[in-house]
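Q: got a sequence here, can you model it:
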Amino acid sequence: MGLLLPKIVDMVPAVAQLDPPGQPGLAPYPSAPSGDGRSPYRPYPQYPPYPPVTPDPGMNGFAVASLVLGIIGGVLLSVIFGIVALVQMRTRPYRGKGLAIAGLVLSGVWVLGLAALIVVAIASGADRDPAGELTGGGSVSARQLRPGDCVNDLEDSDNVLSLPAVPCAQPHEGEVFAAFALSERDWPGEGQVLEKADQGCHDRFESYAPTADFESLELFVLYPTQRAWMRGDHNVTCVAMDPAGKSTGSLRG
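A: Residues are numbered from 1 along each chain as shown. Here you go, the predicted model:
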């Protein structure tokens, strides 16, 4: 027993030195904030806030409509919708600005094209003297043909809008000898319209060309379709054709 005691005593200082208070080199856990408000803890770094998310309003419907109408020739609506779309895009970030501009450009192209056609039609129109006689060749509306006009390109068609007219001294296929309007108010049917038009032309030929032989000629009749009738066009135009081909001079001699 006398030998064991020194060993026990020697161990006590070793155990006591495991964690002596205030031992240099050992870092204690941080304590709670002190009374002056300072904290030993380091603050977390501050991250910038996320930018606000702006909702996408999508494609502007007026811009799409402007483009479609510009393609098919709806000039007036295309221009209106295109302007509305561009105005809306000033206040909201709609997509489709290029479509709206394209619709406006196409509408301008349509307008220029129509203007060019009108100019060409006016320039190519037939000339008349003060008495109404043709003095030069040109296109004449079917409703504006007059007795004494000579015409070409007479072909069967359901929609004859105009014919090339020339003075009768020039080679021509037919000569207009009568123009009148049917008296019926309601649409009588295509068969009745053609029958009345044919009879009216026969009745008026002799007064136009008393010395001409009507039986040796062919009759070409311009008469209104049902659609034209509903628009108020009841006019009939009678044209006498030489079956031998083009001729010169008038049937009136």
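Q: all contacts plus neighbour counts: C-alpha atoms, from now on.
A: Will do.
Q: got the buried residues for the biggest helix by length in the chain?
A: In the chain, taking DSSP state H as the definition, the longest helix is helix 97-124. By neighbour count, with 16 or more other C-alpha atoms under 10 Å as the criterion, the buried positions of helix 97-124 are 97, 99-110.
Q: can you redo the residues you listed as a markdown table with pLDDT and distance to residue 58?
A: As requested, the buried residues of helix 97-124 are exported to a markdown table (pLDDT from 0 to 100; distance: C-alpha to C-alpha, whole Å):
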| residue | pLDDT | distance to residue 58 |
| --- | --- | --- |
| 97 | 93 | 12 |
| 99 | 94 | 13 |
| 100 | 94 | 14 |
| 101 | 95 | 17 |
| 102 | 95 | 18 |
| 103 | 94 | 18 |
| 104 | 95 | 21 |
| 105 | 95 | 23 |
| 106 | 95 | 23 |
| 107 | 94 | 24 |
| 108 | 94 | 27 |
| 109 | 94 | 28 |
| 110 | 94 | 29 |
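Q: ok, of the residues you listed, which one's closest to residue 80?
A: When the buried residues of helix 97-124 are ranked by distance to residue 80 (C-alpha to C-alpha), residue 104 comes first, at 8.9 Å.
Q: so the closest one sits right up against residue 64, yeah?
A: No - at 11.4 Å, residue 104 does not count as touching residue 64 under the criterion of C-alpha atoms under 8 Å.
Q: now the longest helix of the chain: how far from the chain's centre is it?
A: Distance of helix 97-124 from its chain centroid, counting by C-alpha atoms, centre = their mean, to the nearest Å, is 11 Å.
Q: try stretch 137-152
A: How far stretch 137-152 lies from its chain's middle: 34 Å, per C-alpha atoms, centre = their mean.
Q: before we move on, what about stretch 66-78?
A: For stretch 66-78 - counting by C-alpha atoms, centre = their mean - the centre lies 2 Å from the chain centre.
Q: poorly predicted segments of this structure, please.
A: 1-48, 50-55, 120-126, 158 (pLDDT under 70).
Q: return the set of buried residues in the helix or strand harbouring residue 86.
A: In this structure, residue 86 is located in helix 75-88 according to DSSP states H and E. Using 16+ other C-alpha under 10 Å as the burial criterion, the residues of helix 75-88 that qualify are 75, 77, 78, 79, 81, 82, 83, 84, 85, 86.
Q: so which of those residues comes closest to residue 139?
A: Distance to residue 139, by C-alpha to C-alpha, is smallest for residue 75 among the buried residues of helix 75-88, at 26.9 Å.
Q: please consider this matter closed, and thank you.
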